[in-house]
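Asks: Please work out how this folds:
(one chain, ligands or ions: 1)
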Amino acid sequence: MAAPMRGMSVLRQAFQGLVRPAGGQVCRQVQHRCYSTPGHVQVDMNSETGVATVRLNRPPVNSLNLDVLTELSIALEKLETDKSCKAMVLASAAPGIFSAGLDILEMYQSTPERCVAFWRALQDAWLNLYGSRLITMAAIEGHSPAGGCLLAMSCDYRVMAEGKFQIGLNETKLGIVAPFWFTDVMLNTIGHRETEKALQLGALYSAQQALSIGLVDKVVPLAEVMPTVEGELKNWLQIPAAARVITKTSMRKAVLDRLRSQKEKDAQFFADFINRDSVQKSLGMYIASLQKKKN
Ligand SMILES: CCCCCCCCCC/C=C/CC(=O)SCCNC(=O)CCNC(=O)[C@H](O)C(C)(C)COP(=O)(O)OP(=O)(O)OC[C@H]1O[C@@H](n2cnc3c(N)ncnc32)[C@H](O)[C@@H]1OP(=O)(O)O
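Replies: Okay, the predicted model is just below:
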């Protein structure tokens, strides 16, 4: 039997038929399909309910590098074209973390070519997620700063674990600036006034604070995050899909089109900005401060 997954009772897993096959990877019998387990993005498709669970799996903190973003993008594309898939839950396989955001090492002392490739991968992953026809829900079972917050905000619904975890767009604290499409998503989520404060301060919120400004939709104990997402999904799945998708698309189209129309310019701008001496200096100091935490 596979080791119990966080936030899920052993009984529940037994009921769902979790087994460990000869290859050593966790798979489910009968109604579940695992499309991709060897990489950094695990997809578990329940063909009975039409709900896919996509877990980021890059310990220790699920930082988003070029590989993770490319895998995430491909996984989302596959689910989008899978007619049996109706909904997607974005979660983490790493305890205590949803995602630490972009891998800072992709932005520090990197080449302009790598920076552009990295940024394109982020753009594509985000366009696939924010523009998805699927019902998308974020199960935030840990910290979710910066790019992690962007992924969560890009879902239709967010459930976060109570306790010490934090969420927010903290870019200014690193001496960098949240790109316009990060800002657009936050504006659509919490409104203008809260976004202005949040972005200028690089604010990281506790789950309760995030709930109070509408950055997340529900806060529950850690073990209740997945069951709460599953419960909420039942409501969403009852809505006629075509009407829901048209509504979602019309509300998100302007923001998606804004990036689509200037993808290359945005990627080039990112590479130029990130390679400025002053930005590299700030990032270097931030990396040192993360490392110092341990000593
Ligand atoms: C008009 C101008 C327009 C400009 C347009 C372009 C501008 C560019 C915008 C770029 C956008 C960037 C968005 C981002 O996502 S930046 C990333 C921001 N992320 C963070 O600030 C999170 C940093 N991490 C933490 O705070 C903590 O790690 C944590 C998430 C709270 C977890 O804490 P915990 O104690 O559990 O873990 P550790 O801190 O000990 O970390 C374990 C190891 O992981 C390394 N680490 C952590 N985060 C990252 C990361 N994001 N990237 C790479 N590596 C990371 C950490 O250093 C530890 O490594 P070690 O074991 O080797 O020491």
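Asks: State the mean pLDDT of stretch 49-56.
Replies: Throughout stretch 49-56, pLDDT has a mean value of 98.
Asks: what's the answer for stretch 109-128, then?
Replies: The model assigns stretch 109-128 a mean pLDDT of 98.
Asks: ok, is it in contact with the ligand or not?
Replies: No. Stretch 109-128 lies out of reach of the ligand by Cβ under 6 Å from any ligand atom, never closer than 8.3 Å. Glycine gets a C-beta too; all of them are placed from N, C-alpha and C.
Asks: How about that stretch, which residues are buried there?
Replies: By neighbour count on 16 or more other Cβ atoms under 10 Å, the buried set for stretch 109-128 is 110, 115-128.
Asks: now it, how far from the chain's geometric center?
Replies: Averaged C-alpha coordinates place stretch 109-128 at 16 Å from its chain's average position (Cα atoms, centre = their mean, to the nearest Å).
Asks: one step back: which of the buried residues of stretch 109-128 fall in helices?
Replies: 115-128 (DSSP state H).
Asks: quick one, what contacts residue 236?
Replies: 87, 135, 137, 156-157, 244 (Cβ atoms under 8 Å, 6 or more residues apart in numbering).
Asks: Swap in 10 Å and give it another go.
Replies: 86-87, 135-137, 156-157, 244 (Cβ atoms under 10 Å, 6 or more residues apart in numbering).
Asks: need the residues you listed in TSV with neighbour count and distance to the ligand, can you?
Replies: What follows is the contacts of residue 236, written out as TSV (neighbours: other Cβ atoms under 10 Å; distance: Cβ to the nearest ligand atom, whole Å):
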residue	neighbour count	distance to the ligand
86	18	29
87	22	26
135	25	25
136	25	19
137	26	21
156	19	21
157	20	22
244	16	30
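Asks: Could you check how far residue 176 is from residue 208?
Replies: Residue 176 is 27 Å from residue 208, where distance means Cβ to Cβ, to the nearest Å.
Asks: The two: which has the busier surroundings?
Replies: Neighbour comparison, residue 176 and residue 208: the larger count goes to residue 176, with 22 against 12 (by other Cβ atoms under 10 Å).
Asks: That concludes my questions; thank you for your assistance.
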